[in-house]
Structure formats: structure tokens, C-alpha cells
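Colleague: below are the sequence and a predicted model; questions follow.
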Amino acid sequence: MGSDGKARCFGGQAGKEFYGDYHDNEWGVPVHDDQLLFEDLILEGAQAGLSWETVLRKRDGYRRAFHGFNIERCAEMSDTELEALREDEGIIRNRLKIYSVRKNARIFLDMQEEFGSFDSWLWEHLNGPPPINRPASFSDMATTSPVSDTISRSLKKRGMSFVGSTIIYAYMQAIGMTDDHLKGCWKA
């Protein structure tokens, strides 16, 4: 229960209002803008081994460090620029995660050229509207799906990093490709 009296899947408690705001206004809302899809893909990959709250607290740092997630600018970043980010306390300073931004941006651009947009390629994986699930708790929530498995395999085959099926399923939740709000959540 949030400090505003709303039942949420996460966030909203005193001191975590930013997290409740993310839940209420972003998580599970369908995204079709390629730049936002790229940003969310990078942030979900950055989460690997960490909590989403940690990444969300650093989102502004990521936006600053990676040129507002401008895909072309991320694809052109030099090794020197990427190495300098290892000292940036505003982001997660894992070398592999930092360098994956440039690599994934280059592949993302290739996919835009091949498919017209990353959005059209990504959302084509759903056969109909996003599935609606209403787990009773996070322990009942899926962490992968056949769709996340397929997307993950395809992105890995193209050479992307930090795109395992669990990361992709969390990405799908974030961008509204699946609706996993818990039973009792005001958004359910």
C-alpha cells in the first residue's frame, strides 16, 4: 500500500514515491517509440543481478551518460568515452554493461534498417493483444515466456548482450508487451 492509499505491485511508500510513479505511469504501458524501446532495453540489461529500484534511481545518470539514449550517438561512442564512464557514479559501472550499450545500439540500428523500426520487429512477436496475467504475488509471477525466449534467442544471435530471456521478460513487462499487475493492484 502506497502512502497515498493506493495498492500497487511496487513502490509508493514514503521515500519511494518515484518508484510508485514509475509503476503508475510507465510500467506496463505499451511503448512503440524506438528511442524509448532502446532506453528500456539498456536499462533492463543494466539491472542484471541488481534491483530495478537501483537502476531506476540511476536512470537520469544513464540518460546523461548515454546522450539521452540517442541510438546513433551511443553507437558512435569511443572506447575512451566508455572507459571514462567506469568512473561515473551516476550509472552502474560494470565494464561489460557499459560497453554493451554501444554494441547493442549498433545492432539496434541495423534492425531498424532491416525492419523499418525496432518496434515493428519486436511487437510482431505477439499474436494479438498483450497477454493479461494477474499473479497473486511476485513469487507467482512468470520470469520468462515462450515469447521472451524467442526474442532473447534472436537478439543474442544478432550479437546483443544482456538480453537473456529473464531480462527480456522484464523488458516486456516494462514496455507493456505483457500486463502482469498483481491481483489487488489499482492498475489491474
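Modeller: Nice, I can see it. Numbering: from 1, shown residues only.
Colleague: and residue 100, that one's in a helix?
Modeller: Yes: secondary structure of residue 100 (DSSP: H, G, I helix; E, B strand; the rest coil): part of a helix.
Colleague: ignoring the adjacent residues along the chain, who's closest to it?
Modeller: residue 161 (4.0 Å; CB to CB, 6 or more residues apart in numbering). For glycine as for every other residue, the C-beta is placed from the backbone atoms N, C-alpha and C.
Colleague: what about the one you found, how many residues nearby?
Modeller: Counted with other CB atoms under 10 Å, residues neighbouring residue 161 total 17.
Colleague: starting at the chain centroid, how far to stretch 43-52?
Modeller: Chain-centre distance of stretch 43-52: 8 Å, with CA atoms, centre = their mean, to the nearest Å.
Colleague: in this structure, where is pLDDT below threshold?
Modeller: 2 (pLDDT under 70).
Colleague: at 80 instead, please
Modeller: Counting by pLDDT under 80, the chain has low-confidence residues at 1-4, 12-14, 16.
Colleague: which parts of it are helices?
Modeller: 17-25, 34-47, 52-57, 59-65, 71-75, 79-84, 95-115, 118-123, 146-158, 165-174 (DSSP state H).
Colleague: burial of residue 157, as a residue count?
Modeller: Residue 157: 8 neighbours (other CB under 10 Å).
Colleague: residues in contact with it?
Modeller: Listed by CB atoms under 8 Å, 6 or more residues apart in numbering, the contact set of residue 157 is empty.
Colleague: adjust the sequence numbering to begin at 14 for everything that follows.
Modeller: Sure, I'll start numbering at 14, so the last one becomes residue 170.
Colleague: quick revisit: so of the helices of the chain, which one's packed in deepest?
Modeller: helix 178-187 (a mean of 23; mean count of other CB atoms under 10 Å).
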